[in-house]
Structure formats: structure tokens, C-alpha cells
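Colleague: here's my sequence, what's the structure:
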Amino acid sequence: MPSDTSDADGSDDRSPDAAPDADIPDDEREALLTIGHGAVVASGGQSLQRALTTATEYALAQGLGPVAYGVYAFAWRISQLLFRLVNFGSVGTLQRYLSADDDDPERRGRVVALAYLTTLAVGLGLAGGLVLTSGRLNGATVSHPDFPPTIHLFAALVVLVGVVRIHAGVLRAVQSARGEALFNRVLRPAVKLVGAVGAMALGYSLVGVAAAFVVGMAGLAVLGFPMVVSASGIRPSVGGLRSEARRFYNHSAPIALSSLGKVFQNRVDVMLVGFLLTATAAGVYNVVLVLVTLAWIPLLSFNMLLPPVASGLYADDEMETLNAVYTAVTRLIVTCVVPILAVLAVYGRSILSAFGPNFAAGYVPLVIYLGGVLVGSAVGATGWLLMMTDHQYARMALDWLLAVLNTLLTFAFVRAFGLAGAALGTAVAIAVQNSGQVVLLRRFEGLWPFDATFLKPLGAGVAAAGVMFLVRETLVGAGTGGLVVVAGAALGVVTYVGALVALGVNDRDRLVVTALAARYRRAILVALGGRSGTFGDR
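Modeller: Below is the predicted model of the structure:
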């Protein structure tokens, strides 16, 4: 199958400095380098996406004014919820079957065709419902004349974004990290930024901006199709769809219901804070969530290419290799997330204060929420692995368990503890779900990632946090909060790396770092020499 392990010059990573331990089996080695490269590309793509999104929101807030921007923000939030539902589980199903059916191009073509057709059908249904209810929704909420035409345009955008998500999903399923990042992390937010700035530069207001979004996304959806076919080598086929539909929807339907459950997971704490507390508290909690998203980056990045790799190993019945890869990737996630958690835990109050003095009230909720992030990251890609090993119904049940548990706990804890209760309810729900998923993986498939090597990044994290705490307490009151954070974080990271080296770096972790570093070094030299790869060069 196509993979991300080849270099721009066609060579592999088998030089002595790129393969520190020859005892690592080739299939495990290839899987780790594929997933590691995907994590590097994904983290870069997410960083660029955040920059483009921030620039877009800033431009809209400045150009539209507070009232029109508020109408836009409400309409966009509704559309974002539908973006999660429009594919009806097709993206996850692509990850499951395109790798598993690597030797059957006709079946792969049918799977991709079903993904596109399902997205179009569900998208048109959601868009129609949004158009029909726009008047009532406007009357019950913002009561602004620009809301109905804006939400009508965003209804079309739901369909188009769904198609673009399938483009990215196909490329991700064939292990093209660059392709997935290009569509989902770069082109989608770039189209939105260009549309916003262009429409406002031409004198258009909110409705014109929404129309620009639709035009840009339509161009991306249409032009992206031949690019995806060329890069993946998969041509959608409508022949024999009925024979494939049962297997496809048996996998996609529970994933779709999981996505619906995640809508409650990801939004209920924000809604309850706004409903039960004050608008100021809601603003503080929103900034807390912005910082929390930084801590999720390692898990999300390593999950870029783990699903298709896991699906291929599961289809080939290489369960020992799959468990070894699961263990190594989970340890890498923990290794990357621990210093982020340490910085946010030690300097969270100062970072929050940068948004304004009132936001320091979010420090305790931030620390509580980070506990949930630690548990969620420490068990790795449990949700994806359940889906890739055909336990999607168990994943669906746990997602809805989390949705209900999160709602009940957050409601009770917010009433009892205020803002900290919102974080506590969500953190507990995250811990319960992920603990349940890792137990089910062991029960169903015998997969278990934990061993004594996980104590090393945790121990290094304690040492780094201690150093940063000493820096904070030593320089407290110096009047240079920003410099204290930067200096303390830098010293903490140095301490963390030094402690890891002193404790001993695992051979597989060293393999991923050294092999990918050697690969990128050669790729840079090739680029400087004037040679270039193609879109399909993953």
C-alpha cells in the first residue's frame, strides 16, 4: 500500500544513523515511521490551521462590526455542528477499509463512491432542514435580517465541506499525511480567509462574505476530486454498490451516532456554563478551552495515520505487531504531552492573565481539565483502535455514555463548585470513557500498551515541573511575567529532555526521532538541490 515512509529521492531510512536498533522488525519499523511522519505533518498542519483561523476571525470581527460578527458567529457555530454529522461516519469507514482492501481496487472504488454519495445525500438533507427552519431559528435567537440568507448559504457550505472532508479522508486512508493536511488544515481555512478578506475588500457585508465562502469551497470540492483520484489511485465506482452497502453502513452508522454523541461531549460544558453562570464565566471558560486544545495536539497528531496503519495490521492478523505499535505510539504521545501539561500547570495563571486580569480565575478549572487530558492521552488512540478492529458499536456506546455522564456531572458540579465544576465534570467523563475503552481493547483484542517505560516521561515531567516551579517562585513579583514564563518553560524543556536521556530513551522512540530527522535532512538537501516531489509523494 502507499505509505509515508519513502524519501523524496526514493531511498529508505536504513542507514546506520537512521536505524538505531536492527532488532526492531521491519513491519513494526515501517508502521512507526509512517505514524511518526504523519504526526509531524499533522502538528504542522494544525499550527497553520490555527493561524489561518485566528486571522480570519480577527478580520471578520474588525470588518463586520460587533453585531454582524455576532450573527456570523452564531450561524457558523450551527454549521460547525453539522460539519461533524454530514459524512455519516464515512471518514472513519474509509480508514477501516481502504487499507484492509489494498489488494482489491474495485472494492476500494465502491467504498469511496459510497462515501461521496452518502455525504451528498446526508448533506442535502441537513441543508434542506437548515433552510426550512431558518426563519423560526432567527425569530427565536438573534432576530437579524441577515441571518436567514447567511444560514441558507452556510447550508450549501455544509454539503461542500462534507465533500472536501471525504477528499481528505481518502488521502488519509491511503496514508498520505500531506494530502490530508493540505485539504483539511491548509486549503479549507485558507479558502475561508481569502473569501472573508476579498468580500469585505469589495464592500460586501455578512451575506457577501458567506457567499464568498461557498464559492471558494465549491471550487475546492470540484478541483480537489481529480487531485484525489490521481494521488490515491482509487477511482470511485458505482457498480455493485448494493453488495458493498451493508458492510459500509454497518461500520459508518455507529460512527455517525458516535459523532452525534460527541456534539454533546464537546459543547455541553460550554452551554451549561453560559446557562448556569455568568457571561464573564463563559468567556473565561472559553479561553481555558483554547489552552486545553494545545495539550490535545500530540494525541491528534499521532492519530493522523495510526487508523489506516492499524486497519492494515488487523486485516493481516498481525496482532503482535499492532500491540507493539500501539505501545510505542502511546508512549510517544505521553512523551510529547507531558511537557505541555507541565508548562500549562505551572504557568497557566500567568498565561491566562495575558488575556486580561479576569481570566486568571480560569486557572483551577484549567489544571483540573488537564488531568482529563493526561488520562485521555495516556491511553492513546483507544477510540480509533476500537473502530479499526470492528468494535465500532462498543465505541458508540461509550461515546453516548460520555455524553450523558458529561451532561449529568457537569450540571451537578457547576451548581456545586461553579466554573471549576465544569472542568471537573468533563475531566471525569473523559477519564471514564478512555479507561473503559482501554479495558475493552484488552478484553476484545488483547491489546495493552502499558509497561514500565511509561514511567520515564512521567518522571522527567515531574523534574521539569519542579524546575519551572522554582523559577516561578524565585522570580515572582519581578514584574516580567511574560519573560518568566518563556525562561521557565525553556529551562523546563531542557530539564525534561536531559532527564529523559539520563533515564534512558526507548529504542523505538529513538528510532522514530533519528530516522525521521535523517529523512527530513535528506529531503531538505534534495530541495536545496532543485529537485521536487509530487503531490502523491507522501
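Colleague: please, where are all the helices along the stretch 351-500 of the chain?
Modeller: Secondary structure of the stretch 351-500 of the chain (DSSP state H, counting those that start in this stretch): helices located at 363-378, 382-388, 392-417, 419-445, 455-474, 481-503.
Colleague: okay, the ones you listed, which one's buried deepest?
Modeller: helix 382-388 (a mean of 25; mean count of other C-beta atoms under 10 Å). Where you see a C-beta, it was placed from the backbone N, CA and C, and this is true even at glycine.
Colleague: contacting residues for the residue nearest the centre of the chain?
Modeller: Centroid-nearest residue in the chain: L300, 4.3 Å away (criterion: C-alpha atoms, centre = their mean). Neighbour list for L300: 42, 46 [criterion: C-beta atoms under 8 Å, 6 or more residues apart in numbering].
Colleague: phi and psi next, for it.
Modeller: phi -60, psi -40 (degrees, to the nearest 10).
Colleague: now do G418
Modeller: Backbone torsions of G418, given as degrees, to the nearest 10, read phi 70, psi -140.
Colleague: I234 now?
Modeller: I234 adopts backbone torsions of phi -110, psi 120, taken as degrees, to the nearest 10.
Colleague: surely it and V112 touch.
Modeller: Yes. Counting by C-beta atoms under 8 Å, I234 does reach V112; the two are 5.4 Å apart.
Colleague: now do the shared contacts for those two.
Modeller: Counting by C-beta under 8 Å, 6+ apart, the residues touching both I234 and V112 are 98, 170.
Colleague: okay, these two: which has more neighbours?
Modeller: V112 (25 against 22; other C-beta atoms under 10 Å).
Colleague: please identify the helix or strand for that one.
Modeller: Secondary structure assignment for V112, by DSSP states H and E: helix 105-140.
Colleague: pLDDT averaged over that helix - what is it?
Modeller: Helix 105-140 comes out with an average pLDDT of 95.
Colleague: got it, and stretch 454-462?
Modeller: On average, stretch 454-462 scores 96.
Colleague: do the same with stretch 143-155
Modeller: pLDDT averaged over stretch 143-155 gives 95.
Colleague: residues contacting L458?
Modeller: Contacts of L458 by C-beta under 8 Å, 6+ apart are 334, 338.
Colleague: may I see the helices of the stretch 351-500 of the chain organised as TSV, with distance to A518 added?
Modeller: As requested, the helices of the stretch 351-500 of the chain are exported to TSV (distance: least, C-beta to C-beta, whole Å):
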stretch	distance to A518
helix 363-378	27
helix 382-388	28
helix 392-417	37
helix 419-445	33
helix 455-474	23
helix 481-503	19
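Colleague: so which of those helices is nearest V174?
Modeller: Nearest to V174, of all the helices of the stretch 351-500 of the chain, is helix 382-388, at 14.9 Å by C-beta to C-beta.
Colleague: contacting residues around that closest one?
Modeller: Taking C-beta under 8 Å, 6+ apart as the rule, helix 382-388 contacts 92, 95-96, 251, 255, 303, 306-307, 310-311, 314, 326, 392, 394-395, 398-399, 434, 437-438, 440-441, 444-445, 447.
Colleague: the same query, at a cut-off of 7 Å, please.
Modeller: 92, 95-96, 255, 303, 306-307, 310-311, 314, 326, 392, 394-395, 434, 437-438, 440-441, 447 (C-beta atoms under 7 Å, 6 or more residues apart in numbering).
Colleague: dump it to CSV, restricted to CA.
Modeller: C-alpha atoms of helix 382-388 as CSV (Å, rounded to 0.1, in the frame of the first residue of the first chain):
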residue,chain,number,x,y,z
THR,A,382,-8.3,3.7,22.0
GLY,A,383,-11.3,5.0,20.2
TRP,A,384,-9.8,4.7,16.8
LEU,A,385,-8.5,1.2,17.6
LEU,A,386,-11.9,0.0,18.6
MET,A,387,-13.2,1.2,15.2
MET,A,388,-10.3,-0.3,13.3
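Colleague: I'd like the mean pLDDT over it, please.
Modeller: The model assigns helix 382-388 a mean pLDDT of 94.
Colleague: what sits closest to F147 if chain neighbours are left out?
Modeller: N138 (4.4 Å; C-beta to C-beta, 6 or more residues apart in numbering).
Colleague: what's the neighbour count on the one you found?
Modeller: 20.
Colleague: show me where the stretch 1-150 of the chain has its strands.
Modeller: Counting by DSSP state E, counting those that start in this stretch, the stretch 1-150 of the chain forms no strands at all.
Colleague: helices of that one, residue ranges please.
Modeller: For the stretch 1-150 of the chain, applying DSSP H, counting those that start in this stretch gives helices covering 26-83, 90-100, 105-140, 147-173.
Colleague: winner for burial among these?
Modeller: helix 90-100 (a mean of 27).
Colleague: for that helix, name the packing helices and strands.
Modeller: Counting contacts by 3 or more C-beta pairs under 7 Å, 6 or more residues apart in numbering; DSSP states H and E, helix 90-100 is packed against helix 105-140, helix 147-173, helix 241-276, helix 306-315, helix 382-388.
Colleague: and the fourth one with helix 419-445, angle?
Modeller: Our comparison of helix 306-315 with helix 419-445, counting by axes from the mean of the first three to the mean of the last three C-alpha atoms, to 10 degrees, yields an angle of 20 degrees.
Colleague: gap between helix 306-315 and the chain center?
Modeller: The chain centre lies 18 Å from the centre of helix 306-315; the measure is C-alpha atoms, centre = their mean, to the nearest Å.
Colleague: equivalent analysis for the last one, please.
Modeller: For helix 382-388, the distance from its own C-alpha centre to the chain's C-alpha centre is 15 Å (C-alpha atoms, centre = their mean).
Colleague: now swap in stretch 177-185 and tell me
Modeller: For stretch 177-185, the distance to the chain centre is 12 Å (C-alpha atoms, centre = their mean).
Colleague: what mean pLDDT does it have?
Modeller: pLDDT averaged over stretch 177-185 gives 92.
Colleague: how long is it end to end?
Modeller: Length of stretch 177-185, first residue to last, C-alpha to C-alpha, to the nearest Å: 11 Å.
Colleague: in it, which of the residues would be classed as buried?
Modeller: Within stretch 177-185, the residues that count as buried by 16 or more other C-beta atoms under 10 Å are 177-185.
Colleague: walk me through the domains of this structure.
Modeller: Listed domain ranges for the chain are 40-239, 253-450 (source: automatic domain parsing).
Colleague: take those domains and lay them out in CSV including distance to D26.
Modeller: As requested, those are exported to CSV (distance: least, C-beta to C-beta, whole Å):
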stretch, distance to D26
domain 40-239, 16
domain 253-450, 10
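Colleague: show me the one of those domains that comes nearest L528.
Modeller: domain 40-239 (19.1 Å).
Colleague: ends of the closest one, what's the gap?
Modeller: 38 Å.
Colleague: ok, stretch 167-184 next?
Modeller: 9 Å.
Colleague: run the chain-centre distance for that stretch.
Modeller: That offset, for stretch 167-184, works out to 13 Å (C-alpha atoms, centre = their mean).
Colleague: what does stretch 103-120 give?
Modeller: With C-alpha atoms, centre = their mean, you get 24 Å for stretch 103-120.
Colleague: and the contacts of that stretch?
Modeller: Here stretch 103-120 makes contact (C-beta under 7 Å, 6+ apart) with 86-88, 90, 93-94, 97-98, 101, 159, 162-163, 166, 169-170, 234-238, 240-241, 244-245, 248, 252.
Colleague: just the buried residues of stretch 177-185: which are in helices?
Modeller: Residues of the buried residues of stretch 177-185 located in helices (DSSP state H): 177-180.
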